[in-house]
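1. Okay, predicted coordinates and the sequence, questions at the end:
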Amino acid sequence: MLFNLLSAFVISSSTVRLTTFGLRRGVPLLFNVRIGRRHIHHFVPGILVAFGAGVAALFASDSRIRETLAIPLGAGIGLTFDESALLLELEDVYWNREGLVGVQITLATASLLSSAFLAMRILRRGERTKEERHELPRVRDPFAV
């Protein structure tokens, strides 16, 4: 689940950063959402997607569904955190010096998610080894039906 979250986060934040870079250079790579004359920043769909996936995961009883919902959750968080400088400054500072805060927050989050993923792998490997040696009782998934 954490790998899905991390992968979606990194892919979405990288893709949207490349897309906005292309738009700024006059190369429309993916999309530039406008409603009337108003530009819709990508944190808006990011928040909607992340909240929707989070709420759906709360009501999902199947672990496979929760693992799948980690993908839109990570993508939504990536879209939102990429524009975190705009949310903090309350003005469009995406390409200004103040906009580097958004890049720093995104990279820090990716680093934390990566560290958590590696730590969980290490802990699970040790847990499986102890289970195989019958030094640790098997624990049932509390979310399994």
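-> It's in. Numbering: from 1, shown residues only.
2. where in the chain is pLDDT low?
-> Across the chain, residues meeting the criterion (pLDDT under 70) sit at 29-30, 136-145.
3. Show me the strands in it, by range?
-> For the chain, applying DSSP state E gives strands covering 34-35, 38-39.
4. Most tightly packed of those?
-> Among the strands of the chain, strand 38-39 has the highest mean neighbour count (mean count of other CB atoms under 10 Å), at a mean of 10. Every residue, glycine included, has its C-beta placed from N, CA and C.
5. Name every strand pairing with that strand and say which way it goes.
-> Using DSSP bridges, strand 38-39 pairs in its sheet with strand 34-35 (antiparallel).
6. ok now the strand it pairs with, how far from the chain's centre?
-> How far strand 34-35 lies from its chain's middle: 25 Å, per CA atoms, centre = their mean, to the nearest Å.
7. residue contacts, the residue lying closest to residue 56 once chain neighbours are set aside?
-> Excluding the flanking residues, the one nearest residue 56 by CB to CB, 6 or more residues apart in numbering is residue 69, at 5.5 Å. Going by CB atoms under 8 Å, 6 or more residues apart in numbering, residue 69 touches 53, 54, 56, 57, 60.
8. May I ask which of those has the most neighbours?
-> Highest neighbour count within these: residue 53, with 24 neighbours (other CB atoms under 10 Å).
9. distance of that residue from residue 45?
-> As judged by CB to CB, to the nearest Å, residue 53 and residue 45 stand 12 Å apart.
10. Fine, thanks again, bye for now.
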